[in-house]
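Q: Quick one: sequence and predicted model below, then my questions.
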Amino acid sequence: MRFETYRLYQLWDIWLALVITMAAVEILLRLVLHYTPPASLLALDILITLILCLDVLAQWARRREIPGHLHVASHARPSAAVAMVHKVWFGMDILVALPLKFLFNAAIFPLLQVLKLARVAQRMRQWRHHEVQHTNLLRLTFFVYWIALVAHWLACGWLALDGPTKFNSEAEPPPDSFTRYLRALYWSVTTLATVGYGDLTPTGNAQVAYTMMVMLLGVGVYGYVIGNVATLLANLDVARSHYRENMERLSVFMRYRNIPAGLQRRLRDYYAYLWENRLGYDESSVLADLPDSLRSEVAVFLRRDFIERAPLFKGASHEFVREIALQLRPVVFTPGDFVFRAGQYGHNMYFISRGTVEVVAPNGQTVMTTLKDGDFFGEIALLSSQPRTASIRAVEYCDLYTLDKETFDHVLEQYPEFAAHIKEEAERRNPQNVQG
């Protein structure tokens, strides 16, 4: 499925979640407060029903397009159990979308729409599974959402049992519907949080039993909250702990080997740069853990643009570019570092992913030009081992990709047609007139 279509489904899911949440909040309030909905709410009811009908079509289309999860592509052959799950979900979608509450005057029919929250929970699990950047924040947001919804439902249950309409400590006139609900919600939140103040107390056996049940639920919620918050904080600190451990190990090494103070500072700056920009991760180790197919896709996505920009690889096939992308090795240079110096024999070509480098003349003083993101240099080293005609110096922290001649020759052996093109390019270009 195309990325644009996937985004449209995501936006539809968010819109559907908002609509179902509104319905789940208002329908229960209407049942326990026994108020007559105004014309605006009736229009909202009709709009919600229409949206639920449209969602039936959306779920049917999604089932045909999106493989995996609870949906299987039309060309796949799901097992009998999976097919039954699809039918149950789709049957629920149809049942909820039917306008039964407009045809029959019974409390059960409006409540059918609340069943759609199961679909919202399903989508939340999928969002949390696919999200990689803000997983902990997403978990916390979903947790707050469900706690707020449960607190609302418990408040409605308190109202259904005819909860007290005033504080026990003072006499008040009969409150309106909003005040009754607000006090019931206050009781629900304080009981769930296990900090109940006793100013709202049960008055009958049913309310006493209901209160005990909510208290037990509140103890579980309290433990769940503490456990999840502790887990979230621990997960957020894993990378920082790893960074501190590396820095302590580096400090011990530098003291043991009496590394000069200036070099110590550069080493610390290097690790600080990795932490601030990558949270200390190593790109090569991340790619190494992926299966071959995913590693190829990620490598091509990250490196294809500047590979194809190099004239040396002009006209290369997609397979050749993919192979070269897999062989590139990420390296980092700190400000003032020389990538190589004039006169050295070259064995590597470099691509600039991020940063700026200067091309310095053999005299070591004159800056001939400046190269930035997306540029490349040192390509002659892949064609023939010749002395470098200029020096390359990093102006700032630079993320580069390097390709060595041995690896490049090995890749060419698998593509003899393109190897002939490279040979012609090597004979045509004069190393003395080309940078690198």
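A: Noted; the coordinates are in hand. Numbers count the residues shown, from 1 in each chain.
Q: Contact partners for Glu26?
A: 41, 44 (Cβ atoms under 8 Å, 6 or more residues apart in numbering). Backbone N, C-alpha and C define where each C-beta goes, glycine included.
Q: And it, how close does it get to Arg62?
A: 27 Å (Cβ to Cβ, to the nearest Å).
Q: can you check Val214 too?
A: Distance, Val214 to Arg62, using Cβ to Cβ: 37 Å.
Q: try His410
A: The separation that His410 has from Arg62, given Cβ to Cβ, amounts to 45 Å.
Q: Those two: which is more packed in?
A: Higher neighbour count among His410 and Arg62: Arg62, with 19 against 12, using other Cβ atoms under 10 Å.
Q: Make sure the more buried one is actually in contact with Tyr9.
A: Yes - counting by Cβ atoms under 8 Å, Tyr9 is a contact partner of Arg62 at 5.9 Å.
Q: other SSEs contacting whichever helix in the chain runs longest?
A: Among the segments of the chain that qualify as a helix by DSSP state H, the longest is helix 205-256. Applying 3 or more Cβ pairs under 8 Å, 6 or more residues apart in numbering; DSSP states H and E, one finds that helix 205-256 contacts helix 135-160, helix 177-192, helix 261-278.
Q: Give me the distance from that helix to the chain's centre.
A: 21 Å (Cα atoms, centre = their mean, to the nearest Å).
Q: average pLDDT across it?
A: The average pLDDT within helix 205-256 is 82.
Q: shouldn't Leu192 be in contact with Leu149?
A: No - Leu192 sits out of contact with Leu149 when judged by Cβ under 8 Å, with a separation of 11.8 Å.
Q: More neighbours: those two, which one.
A: Leu192 (22 against 15).
Q: Chain neighbours aside, what residue packs nearest to the more buried one?
A: Counting by Cβ to Cβ, 6 or more residues apart in numbering, Leu192 lies nearest to Gly218, which is 4.3 Å off, once chain neighbours are set aside.
Q: and that neighbour, what does it touch?
A: Gly218 neighbours (Cβ under 8 Å, 6+ apart): 191-194.
Q: From these, keep the buried residues only.
A: Buried residues within the contacts of Gly218, defined by neighbour count using 16 or more other Cβ atoms under 10 Å: 191-192.
Q: what's the closest of the contacts of Gly218 to Phe102?
A: Leu192 (34.8 Å; Cβ to Cβ).
Q: Who are the contact partners of the closest one?
A: 147, 150-151, 154, 214, 217-218, 221.
Q: swap in Ile392?
A: The contact partners of Ile392, by Cβ under 8 Å, 6+ apart, come to 338-340, 350, 357-360, 371, 377-378.
Q: Doesn't it lie inside a helix?
A: No - counting by DSSP: H, G, I helix; E, B strand; the rest coil, Ile392 falls outside a helix, being strand.
Q: ok, and the closest non-adjacent residue to it?
A: Among residues not flanking Ile392 along the chain, Val339 sits closest, at 4.1 Å (Cβ to Cβ, 6+ apart).
Q: Val332 is in contact with the one you found, correct?
A: No - the criterion here is Cβ under 8 Å, and Val339 misses it with Val332 at 10.9 Å.
Q: what sits in contact with each of the two?
A: Common neighbours of Val339 and Val332 are listed as Leu400 (criterion: Cβ under 8 Å, 6+ apart).
Q: Which stretches in the chain count as strands?
A: Taking DSSP state E to define them, one finds strands in the chain at 329-333, 338-340, 348-354, 357-360, 367-371, 376-377, 391-394, 398-404.
Q: out of the ones you listed, which comes closest to Thr49?
A: strand 348-354 (52.0 Å).
Q: Report the strands that pair with the closest one, each with its relative direction.
A: Strand pairing for strand 348-354, using DSSP bridges, gives strand 376-377 (antiparallel), strand 398-404 (antiparallel).
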